[in-house]
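A.B. asks: here is my input; please provide its structure:
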Amino acid sequence: MIVENNLGNLLTPVRQCFNKAEDELLGDLPDVYVQVVLARNDAGELVHTGCYVGDDLETYLEAARQSREENITVLDEPIDKIVCVMQGDEFFSTWVANKAVYRTRMAIADGGELLILAPGLTRFGEQDDVDALIRTKSADLVLSMDPLDWASQLRAMLSHDIYPPFGGSLQRAAQVATGKLLVVVSSQDHMVTPGPALAFAQAANAETLIIEGDCGHLLFECDNGKVMAKVREFLAPEPTSPQPAGNRVVDPRK
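C.D. replies: Below is the predicted model of the structure:
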């Protein structure tokens, strides 16, 4: 689920899943929802601005409409440079401070600059076990990467689009891929989501390997053995059928 499908939209993919689960599995429960809206006043203080109580979807939608009106700023043009301040008394982990990235994603121009000031950061994850897991799994990878190189990779991922030369058509682009194609994705990759790659693989009639689990974007670190086994299988030469004796070509010089 990309950012564009979530920010500013009242019915996001996650919300639609929640609604479906409620309709099909929880419809007989006498539940009541209390939706509270928060926004900052003229003094920059976070205050309550609305409260909606009810047992239906419209209760949520009314609160969401007010929250969108009070908390989302719509710009006429993208911004070349954004300075985002993550308050030191509220944002203590990079997990939460990453809001500075996705909340500005749709406002910043391609190739723009994002400067994040987060004086309160002391940890990676919010909970102790999550923080320890992140440190164990990714600390070596993060510390070994050049931040400028990482930033270049992110800019490349955000701007990479193979469809414009084909009039924006996935089908026309897939027709160019005439050779054997193997697409490897992680179902939990939230950095480079697997949806577009799988859609292209289907259009190009490509072979796919979908890695399940919690490794996400680090699948080549966690599931390297499984990936390499599939790649070897994919690259292995296809067995050839023995040629019938009557059709064999015999070199008379031998």
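A.B. asks: wasn't residue 60 part of a helix?
C.D. replies: Yes - with DSSP: H, G, I helix; E, B strand; the rest coil as the criterion, residue 60 is located in a helix.
A.B. asks: burial count for residue 127?
C.D. replies: For residue 127, the neighbour count with other CB atoms under 10 Å is 11. In short, each C-beta sits where N, CA and C put it, glycine included.
A.B. asks: now swap in residue 24 and tell me
C.D. replies: For residue 24, using other CB under 10 Å, the count is 8.
A.B. asks: do residue 86 as well
C.D. replies: 19.
A.B. asks: thought it was touching residue 97?
C.D. replies: Yes - Residue 86 is in contact with residue 97 according to CB atoms under 8 Å; the separation is 4.8 Å.
A.B. asks: what touches both of these two?
C.D. replies: 116, 118, 121 (CB atoms under 8 Å, 6 or more residues apart in numbering).
A.B. asks: mind giving me the PyMOL command for buried ones among the residues you listed?
C.D. replies: To isolate the buried members of those in PyMOL, using 16 or more other CB atoms under 10 Å:
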select buried, resi 116+118
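A.B. asks: ok, of the shared contacts of residue 86 and residue 97, which one's closest to residue 194?
C.D. replies: Of all the shared contacts of residue 86 and residue 97, residue 194 sits closest to residue 116, with 27.1 Å by CB to CB.
A.B. asks: what residues of the strand or helix carrying the closest one count as buried?
C.D. replies: With secondary structure defined by DSSP states H and E, residue 116 is part of strand 108-117. Residues 108, 114, 116 are the ones in strand 108-117 that count as buried (16+ other CB under 10 Å).
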